[in-house]
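Trainee: Quick one: sequence and predicted model below, then my questions.
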Amino acid sequence: MRSDEEFREWAARRRQSLVRTATLLTAGDSHTAEDVVQTAMTKMYLAWPRLRDVRDRDAYARRVLVNAFTDEMRTSRRKREDLRSELPDRAVGSGAIDDDSRLLFAALEELPDRMRATVVLRYFHDLSVADTARALRCRPGTVKSQTARALEKLKHRLGPALRDDQGLRPDHPRGDTAPIPTIHATLTAGRLS
Amino acid sequence: MSDLTTLMSRATATVDATPAAVLDDDVSRGQRARRRRTRLVGTGVAGAFAATVAVGAPLLTSTTPAAAAELVAYTAEQPAGFTIAEVPEGWHVLSSDRSSLMLADGDDDGSDPSSFEGRIVASLVGSQSLPGGEFEAQTFAVGGQEVLVYDMLEVDGQPGGTLGVFAPEGDGDYLSVQLPPELHWTGEVAARFVEGLDVTDDAGHTGG
């Protein structure tokens, strides 16, 4: 079917970028990232007949991906809270090839899901506040405040690994940086609901 | 040291290009999901139009809820590619071209053209775009033709209130329409609305 071929062509071009985004959204958990991408790709496939003439298909895909990520986190968190009081070690994705990357993933993991998504869309995808708000279905003001808080946390956590001149934009608050913490699991124990 | 964008790019730099087998898997998963969505139990488009409600499905409430949108005559200029007889009260044409039509309510300014949520989307499709089997759906005889109305399922396999409609347009073509939950329409109202939608001679397929 021609529709399948077109979907496949689009997927061949864009899937890698979606995996990279999902890897950041999941703070380096490559297995969960792949699950999220698979869910998103299925949704895209189902919507494809309606998307063929949509100008910005990638924007739609980003939103689908974020929704899939949110759903996945909600589900996995529920499972985690139900089943254990102590978290297992989490696999760090194959993308974590150096100390800075591992530190980044650890820092991202400490952010709430929506805040992490905000900062990934703003800085990895370089989306405007308005486009980020559309992707997250929230108000631009929420994006601004979430971004500011995320950057404050990341700056504190990443310290010198995050150069100040480009990573933090002038319209966001700046705080004192802290020394780079030791890199190891920083997950808090799950709570029994 | 690096900026945040560079850190993120570097941290994901080793994500490999997608192998062909993974793309095949994506397509296969999509096909399976589509089959689940339409709950195929047989083969052949003719079977779809012969089918009526399957057993045990929470399909298409039989009474019109109080919140249902009223259909009123469409009096504005007819859009490109389509003619419209009736619209939900307060709704307007958001966009149209030779292959698709989008309607939205009065509060929708169209600022997110890629979104279909809360909007009516109609498109002309070929018979290939129809699921190849029996739907769990209802057929309605409207204006001398059979219109198929079914609950579109969410990814979790459950209906979310969105209705899908297929109406034959001749020459093996079908008008495929998606109706959002906000309308609260029964199958009868959905069929009546779609019966009032026609494609013009210069309309073209969105796919298939």
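Mentor: Looks like it arrived, so ask away.

Trainee: from here on, contacts and neighbour counts on C-alpha atoms
Mentor: Will do.

Trainee: what's the average pLDDT for stretch A:125-141?
Mentor: Here stretch A:125-141 scores 87 as its mean pLDDT.

Trainee: OK, contacts around the residue nearest to A:A11 when sequence neighbours are not counted?
Mentor: In this structure, A:A11 finds its nearest non-sequential neighbour in B:L23, 6.8 Å apart by CA to CA, 6 or more residues apart in numbering or on different chains. By CA atoms under 8 Å, 6 or more residues apart in numbering or on different chains, B:L23 lies in contact with A:R8, A:A11, A:A12.

Trainee: Kindly report the same for B:S9.
Mentor: Counting by CA under 8 Å, 6+ apart, B:S9 has contacts A:F124.

Trainee: Now it: phi and psi?
Mentor: Torsion angles at B:S9 (phi, psi; degrees, to the nearest 10) stand at phi -60, psi -40.

Trainee: now the one 10 residues further on
Mentor: B:P19 adopts backbone torsions of phi -70, psi 150, taken as degrees, to the nearest 10.

Trainee: next one: B:I120
Mentor: Main-chain torsions, B:I120, degrees, to the nearest 10: phi -90, psi 130.

Trainee: Can you get me a residue count around it?
Mentor: The number of residues packed near B:I120 is 24, by other CA atoms under 10 Å in any protein chain shown.

Trainee: doesn't B:S100 make contact with it?
Mentor: No - B:I120 is not in contact with B:S100 according to CA atoms under 8 Å; the separation is 10.4 Å.

Trainee: Assumed B:T139 was part of a strand.
Mentor: Yes - assessed by DSSP: H, G, I helix; E, B strand; the rest coil, B:T139 belongs to a strand.

Trainee: Helix or strand with the lowest mean pLDDT in chain B?
Mentor: Within chain B, no helix or strand scores below helix B:45-50, which has a mean of 38 by mean pLDDT, DSSP states H and E.

Trainee: Verify the contact between A:R63 and A:A135 for me.
Mentor: Yes - contact criterion CA under 8 Å: A:R63 and A:A135 qualify, at 4.7 Å.

Trainee: At the geometric centre of chain B, which residue sits there?
Mentor: Per CA atoms, centre = their mean, the C-alpha nearest to the average position across chain B is that of B:Q178, at 2.9 Å.

Trainee: what's the closest non-adjacent residue to that one?
Mentor: Leaving aside its chain neighbours, B:Q178 sits nearest to B:G164 (4.7 Å; criterion: CA to CA, 6+ apart).

Trainee: For the one you found, the count of nearby residues, please.
Mentor: B:G164 is flanked by 22 other residues according to other CA under 10 Å.

Trainee: Start and end of stretch B:106-118, how far apart?
Mentor: For stretch B:106-118, the first and last residues are 11 Å from each other (CA to CA, to the nearest Å).

Trainee: Identify the residues contacting it?
Mentor: With contact meaning CA under 8 Å, 6+ apart, stretch B:106-118 is reached by A:51, A:54-57, A:59-60, A:134, B:90-92, B:94, B:104, B:180-182.

Trainee: let's see 10 Å
Mentor: A:47, A:50-51, A:53-61, A:63, A:131, A:134-135, B:89-95, B:102-105, B:119, B:162, B:178-183 (CA atoms under 10 Å, 6 or more residues apart in numbering or on different chains).

Trainee: mind listing which of those are in strands?
Mentor: Within the contacts of stretch B:106-118, residues falling in strands by DSSP state E are B:H92, B:V93, B:L94, B:S95, B:M102, B:L103, B:A104, B:T162, B:Q178, B:L179.

Trainee: could the residues you listed go into TSV alongside pLDDT?
Mentor: Output for the ones in strands among the contacts of stretch B:106-118, formatted as TSV (pLDDT from 0 to 100):
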residue	pLDDT
B:H92	93
B:V93	92
B:L94	90
B:S95	88
B:M102	92
B:L103	94
B:A104	93
B:T162	87
B:Q178	92
B:L179	93
